[in-house]
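*Asks:* The sequence and its predicted three-dimensional model are supplied below.
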Amino acid sequence: MKILGFESSCDETAVSLVEDGRTVLADAVASQAEMHALYGGVVPEIASRKHVEAIAALTEQALRDAGCARSDVDAVAVTCAPGLIGAVLVGLSFAKSVALGLGVPLIPVHHIRGHIAANYLAFPELEPPFLALAISGGNTLLIDVAGYTDMKILGGTRDDAAGECFDKAARVLGLPYPGGKPLDELARKSRGGVYKLPHAHVDGAPLDMSFSGLKTAVVNLAHHAEQVGETLDRAALARDFAQAVSDTLVPRTMEAARLAGRKTIVAAGGVAANSVIRGDLERACQQAGRRLYLPPLRLCGDNGAMIAAQGYYEYLAGRTAGMELNAYATRDISEEIKA
Ligand code: KG4
């Protein structure tokens, strides 16, 4: 079954054709990151407009790259939540028109479910159940994935997402948007251990997290250094910051897997590209005897293939929608989206 997947929840317009949820036939992506870098972050109105400009040509490109005709498309999958509402609406409206025009089913996909499904594209043997750590620009969640469409949140951030925190820390370190990757590269130049940063705990909720205190601590450190004319060891601060994020995420991930009784752990989302987090997860899983799946870097960020992959399993579970399907800025990953 060939599914055309659409993703437009933030600053990447992406269209992909995937066969049976596992084989990528084409993956066309247009990133707007350079445009938003001028403003130091995503400008929602610009994001929506850029999606409008890119999406039709990308769809043609995806079909061309796959060597397929429009009539080869069996279904359309689309991110309908969560994300920047105007941006999500562009992809959703376009996907609806394609589904209607081709007379094929429309499949709603939760963006974070898509990030998790990116792993199905890289690892043919991977199947639920497993514990997923989903870390992206807007979400930080520990999810028990009991089945392809059966998910339960076990923990998550109470304030900022891990990616948001990386982007903010990168900004005060003078790095370009999106800052996660350049901060990761800078951090590799130091062994850290220079700056003492806070590690927050949420009372009574051992699997929940908080990143706002860490974010503020890095901002305050940088501003204070500027005010008193001190030179920051930028590489050490980047390393210590990444370590603080990892020290928050990794032990909770291991504990969540233990509590849920899952032997397999799967990482997902843009922040899953981080080298400190990947290394720490590898070591922790080895120690605890858990199997770890880390998505290849090219599948960590937003793409249409992950939406088509998850769309396949949503379709098998009978989860299609009509033209009344709406877009949502926020939506619980465990809920079925019907309209
Ligand atoms: O999953 P994603 O591409 O988009 C969302 O769905 O949000 O995640 C984007 C986030 C950004 O905050 C970006 O700075 C971060 O992922 N990111 C990283 C790395 N590469 C991307 N954060 C830390 N280390 C990286 N290597």
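*Replies:* Received, thanks.
*Asks:* Nearest the geometric middle of the chain, what residue?
*Replies:* residue 269 (2.9 Å; C-alpha atoms, centre = their mean).
*Asks:* May I have the residues that are in contact with that one?
*Replies:* Contact partners of residue 269, counting by C-beta atoms under 8 Å, 6 or more residues apart in numbering, are 112, 115, 134, 135, 136, 139, 163, 300. Heads up, the C-betas are built off the backbone N, CA and C, glycines and all.
*Asks:* if you look at those, which of them are in helices?
*Replies:* 112, 115, 163 (DSSP state H).
*Asks:* any idea how far residue 299 is from the second one?
*Replies:* Counting by C-beta to C-beta, to the nearest Å, the separation of residue 115 from residue 299 is 9 Å.
*Asks:* more crowded one of these two?
*Replies:* residue 115 (30 against 23; other C-beta atoms under 10 Å).
*Asks:* one step back: so which of the contacts of residue 269 reach the ligand?
*Replies:* 115, 136, 163 (C-beta under 6 Å from any ligand atom).
*Asks:* which non-adjacent residue is nearest the residue nearest to the centre of the chain?
*Replies:* residue 136 (3.5 Å; C-beta to C-beta, 6 or more residues apart in numbering).
*Asks:* Next one: that neighbour from residue 9, what distance?
*Replies:* When residue 136 is compared with residue 9 (using C-beta to C-beta), they lie 10 Å apart.
*Asks:* which ones are touching residue 84?
*Replies:* 9, 10, 42, 44, 47, 48, 329.
*Asks:* cool, residue 54 as well?
*Replies:* Here residue 54 is in contact with 13, 30 (criterion: C-beta under 8 Å, 6+ apart).
*Asks:* so for the one helix or strand it maps to, what's the average pLDDT?
*Replies:* Element membership of residue 54, judged by DSSP states H and E, is helix 44-66. Helix 44-66 comes out with an average pLDDT of 98.
*Asks:* Repeat that for stretch 26-36.
*Replies:* The model assigns stretch 26-36 a mean pLDDT of 95.
*Asks:* more neighbours, residue 136 and residue 9?
*Replies:* residue 9 (32 against 25).
*Asks:* Look at that one and give its secondary structure.
*Replies:* Using DSSP: H, G, I helix; E, B strand; the rest coil, the structure places residue 9 in coil.
*Asks:* Per-residue pLDDT of it, please?
*Replies:* So residue 9 comes in at 97 (pLDDT).
*Asks:* what residues are up against it?
*Replies:* Residue 9 neighbours (C-beta under 8 Å, 6+ apart): 79, 82, 83, 84, 87, 88, 91, 111, 302.
*Asks:* top of those residues by neighbour count?
*Replies:* residue 79 (32 neighbours).
*Asks:* Show me what the host helix or strand of that one is packed against.
*Replies:* Following DSSP H and E, one finds residue 79 within strand 75-81. Applying 3 or more C-beta pairs under 8 Å, 6 or more residues apart in numbering; DSSP states H and E, one finds that strand 75-81 contacts strand 2-7, helix 85-102, strand 106-110, helix 111-122, helix 304-316.
*Asks:* tell me the angle of the shortest one relative to strand 75-81?
*Replies:* Here the directions of strand 106-110 and strand 75-81 differ by 40 degrees (axes from the mean of the first three to the mean of the last three C-alpha atoms, to 10 degrees).
*Asks:* Then the last one?
*Replies:* With the same axes, to 10 degrees as the basis, helix 304-316 and strand 75-81 are set at 110 degrees to each other.
*Asks:* Around the ligand, pick out the residues from the chain.
*Replies:* Checking the chain against the ligand by C-beta under 6 Å from any ligand atom, the hits are 10, 115, 136-138, 163, 166-167, 178-181, 184, 269-271, 273-274, 301-302.
*Asks:* So which of those are in strands?
*Replies:* If you go by DSSP state E, the residues of the chain next to the ligand have nothing in strands.
*Asks:* Check the burial of the closest residue to residue 45 other than its chain neighbours by counting its neighbours.
*Replies:* Counting by C-beta to C-beta, 6+ apart, residue 86 is the residue found nearest to residue 45 once chain neighbours are left out, at 6.9 Å. Here the number of neighbours of residue 86 (other C-beta under 10 Å) works out to 18.
*Asks:* ok now do residue 126, which residues does it touch?
*Replies:* If you count contacts by C-beta under 8 Å, 6+ apart, then residue 126 has 119, 120, 264, 266, 293 around it.
*Asks:* do that again at 6 Å, thanks
*Replies:* With contacts defined as C-beta atoms under 6 Å, 6 or more residues apart in numbering, the neighbours of residue 126 are 119, 120, 293.
*Asks:* Residue of the stretch 51-200 of the chain closest to the ligand, please.
*Replies:* residue 180 (2.2 Å; C-beta to the nearest ligand atom).
*Asks:* That residue against residue 166, yeah?
*Replies:* Yes - with contact defined as C-beta atoms under 6 Å, residue 180 counts as touching residue 166 (4.1 Å).
*Asks:* neighbour count winner among these two?
*Replies:* residue 166 (30 against 27).
*Asks:* Burial check on the closest residue to residue 138 other than its chain neighbours, number of neighbours?
*Replies:* Nearest non-adjacent residue to residue 138, counting by C-beta to C-beta, 6+ apart: residue 161, 5.2 Å away. By the measure other C-beta under 10 Å, the count of residues near residue 161 is 23.
*Asks:* What of the one 4 residues further on?
*Replies:* Applying other C-beta under 10 Å, we find 27 residues neighbouring residue 165.
*Asks:* Good, we can wrap up now.
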